[in-house]
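[1] This is a predicted model, with the sequence first.
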There are 2 protein chains.
Amino acid sequence: MNKKTVGLSDTFKGKISPKSFTKNSIKGTKFTIAISSAKGGVGKSTFATNFALALKSTGSKVGILDADIYGPSLPKMMSINEKPESKDGKSLVPIKQYGIQCMSIGFLVDEETPMIWRGPMVTSAIKTFTQKVLWNDLDFIVIDMPPGTGDTQLTFAQEIKVDGVVIVSTPQEIALLDVKRGIRMFDKLKVPILGLVDNMSFFQSDDGKKYNIFGEGGVEKVASDYKKKFLGKIPINIDLRIAADTGKPLFEKNPNHKISKIFSEIANRIKGSFL
Amino acid sequence: MNKKTVGLSDTFKGKISPKSFTKNSIKGTKFTIAISSAKGGVGKSTFATNFALALKSTGSKVGILDADIYGPSLPKMMSINEKPESKDGKSLVPIKQYGIQCMSIGFLVDEETPMIWRGPMVTSAIKTFTQKVLWNDLDFIVIDMPPGTGDTQLTFAQEIKVDGVVIVSTPQEIALLDVKRGIRMFDKLKVPILGLVDNMSFFQSDDGKKYNIFGEGGVEKVASDYKKKFLGKIPINIDLRIAADTGKPLFEKNPNHKISKIFSEIANRIKGSFL
């Protein structure tokens, strides 16, 4: 590209060369880890909150950015009802809960108010959250991504240095299609994939019988087909759901619960790949 | 508004009056029923396909438009692998499967290709699907909506005469928040809500014990709080999931299955409110 091209003005060259994006870390944070799934309703937010708490328990400073503008879950899952302060009318101070710095569109509006927004408004909100939040000296910021492969995913991939993404899915075939689309998107956008998690893997009834409600082994197979790491299985667990619904993630409530231990393993594994 | 306003030009009046939208039925169809949930992963597409087949079994002509651009499920759920024909290079002929006219972005691209699109592209695809598809003499077109309260929802609400929306949800608190946001959105956009369905209501193990994996009674309570109809409960059922995963909806495979009968009841109830 250093060869001189006769007859092409710099302006024109600028126009035809691919648009380049400067990717910066989110200010006040070291590593950005996105939790994604392409498909909604696979337990991504439950994963993100428990994973963040598990990371914190290893001694790291952790924040969570809820990037789901249409369906924020962080206020409910972390019992946060206050509005963030702004000292200068421009920046926002994250809200600390259970030792985690948190930010969500849900802190700024009533929880039942729908954000009936077209894409460019969503992009603008994401930019505010990545540029104007006063994250304080975090080792890791965990991004709870919305479903889809649209504005939010593109904005992060183009403007933020995302250090890795964890893809969470349930194992049914229909969900796996979205996982494959997600993998291809992140590969195309050159965002490193840290690995895949099989969530709601199976259900065990009180008599010990296992039911593969959503099928079996699908996520692990996709990981292997696409040469990505498989990070583990998390079974369907009523304690985990109740904890999320009552605003105190299971890891915070009971770090020794068998499910909490799975989150610890995954957190340690991911942390090990960074520090 | 007929009062003459002195000193205000027609141009200026046009500028300050609220933008009005012309709402038309989708060409070739009588009634448009949207299946929505605000949240993903609650079984909306499984509901939409089985509901459409149940409607068809009552003698109606039915089509399904998969409006989930980022996560199309229709090709897989209805075993459709062919591309739609276009006789004039502009319009698209829907693909008929199990007696249902179908259209999905998934028919036009490889199923693992992600649509990495910003909002305006999504809007443009939705317009093509509602204006350029040659739906043939349908009584009902069932729209499988994507999660969220964004571009697709706004485009339908502003430009299409949507005759009613069925809101599907799982009963956990976190999902109900999205349901409330969805109800508020449709009320605000003046789209009539036909009722709410509680999906993945409970799981029954082989010994007959019921497990409220995702909680209990939440959807019915929201329906009552918001003065909307409650249309019924659909339990978690492995046959239903397997049928979806193998490309033949349960209602098509076995219309006498206990779950198929629930779809019949809901379809009859909804049809009764139109015809």
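    Structure's in. What do you need?

[2] Show me the strands in the stretch 101-250 of chain A, by range?
    Taking DSSP state E, counting those that start in this stretch as the criterion, the stretch 101-250 of chain A carries its strands at A:138-144, A:164-169, A:193-199, A:203-204, A:210-211, A:230-234.

[3] in terms of contact, does A:Pro120 touch B:Thr123 like I think?
    No: look at A:Pro120 against B:Thr123 with C-beta atoms under 8 Å: they stay out of range, at 11.3 Å. Glycine gets a C-beta too; all of them are placed from N, C-alpha and C.

[4] Okay, now the unreliable bits of the stretch 1-150 of chain A?
    For the stretch 1-150 of chain A, the stretches flagged by pLDDT under 70 are A:1-21.

[5] which parts of it sit against chain B?
    If contacts are counted using C-beta under 8 Å from any C-beta of the partner chain, the residues of the stretch 1-150 of chain A sitting beside chain B are A:38-42, A:45-46, A:70-71, A:73, A:76-77, A:111-120, A:122-123, A:146-150.

[6] Please tabulate the strands of the stretch 101-250 of chain A in a markdown table and include distance to A:Met185 as additional columns.
    Supplementary listing: the strands of the stretch 101-250 of chain A in a markdown table, determined by distance: least, C-beta to C-beta, whole Å:
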| stretch | distance to A:Met185 |
| --- | --- |
| strand A:138-144 | 15 |
| strand A:164-169 | 10 |
| strand A:193-199 | 10 |
| strand A:203-204 | 30 |
| strand A:210-211 | 32 |
| strand A:230-234 | 19 |
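
[7] can the ones you listed go into JSON lines with extra columns for mean neighbour count?
    As requested, these are arranged in JSON lines below (neighbours: other C-beta atoms under 10 Å in any protein chain shown):
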{"stretch": "strand A:138-144", "mean neighbour count": "24"}
{"stretch": "strand A:164-169", "mean neighbour count": "26"}
{"stretch": "strand A:193-199", "mean neighbour count": "23"}
{"stretch": "strand A:203-204", "mean neighbour count": "16"}
{"stretch": "strand A:210-211", "mean neighbour count": "14"}
{"stretch": "strand A:230-234", "mean neighbour count": "19"}
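
[8] ok, back up a step: pick out whichever of A:Pro120 and B:Thr123 has more residues nearby.
    Counted by other C-beta atoms under 10 Å in any protein chain shown, A:Pro120 and B:Thr123 do not tie: B:Thr123 has more neighbours, with 20 against 13.

[9] For that one, give me its contacts.
    For B:Thr123, the contact set (C-beta atoms under 8 Å, 6 or more residues apart in numbering or on different chains) comprises A:118, B:151-152, B:155.

[10] closest to B:Ser104 among those?
    In terms of C-beta to C-beta, no member of these lies closer to B:Ser104 than B:Thr152, at 13.2 Å.

[11] That closest one: neighbour count?
    Using other C-beta under 10 Å as the criterion, B:Thr152 is surrounded by 24 other residues.

[12] before we move on, what about A:Asn24?
    Under the neighbour criterion other C-beta under 10 Å, A:Asn24 is assigned a count of 11.

[13] Write down the beta-bridge partners of it, one by one.
    Legend: beta-bridge partners of A:Asn24 under DSSP bridges are A:Ile160.

[14] wait, doesn't it sit right on A:Lys161?
    Yes: A:Asn24 lies in contact with A:Lys161 (C-beta under 8 Å); the separation is 6.0 Å.

[15] what residues are up against the residue of the stretch 51-200 of chain A at minimum distance from chain B?
    For the stretch 51-200 of chain A, the residue closest to chain B is A:Gly119, as judged by C-beta to the nearest C-beta, at 2.2 Å. When the contact criterion is C-beta under 8 Å, 6+ apart, the partners of A:Gly119 are A:150-151, B:118-120, B:122, B:150-151.

[16] from the contacts of B:Thr123, which two are the most distant?
    In terms of C-beta to C-beta, the contacts of B:Thr123 reach their longest pairwise distance at A:Arg118 and B:Thr152, which sit 10.0 Å apart.

[17] Can you report how many residues lie near A:Ile33?
    Applying the criterion other C-beta under 10 Å, we find 22 residues in the vicinity of A:Ile33.

[18] Pull the residues that contact the helix or strand it falls within.
    Assigned by DSSP states H and E, A:Ile33 belongs to strand A:29-36. Applying C-beta under 8 Å, 6+ apart, the external contacts of strand A:29-36 come out as A:25-26, A:44, A:47-48, A:51, A:63, A:135, A:138-145, A:153, A:156, A:160-168, A:182, A:186, A:191, A:194, A:270, A:274.

[19] just stretch A:85-103 next, same as before
    A:52-53, A:56, A:61-66, A:74, A:78-80, A:82, A:84, A:107, A:128-129, A:132-136, A:138, A:248-249, A:252.

[20] I'd like to know which of the residues you listed are buried.
    In these, burial by neighbour count holds for A:52-53, A:56, A:61-66, A:74, A:78, A:80, A:84, A:107, A:128-129, A:133-135, A:138, A:248-249, A:252, counting by 16 or more other C-beta atoms under 10 Å in any protein chain shown.
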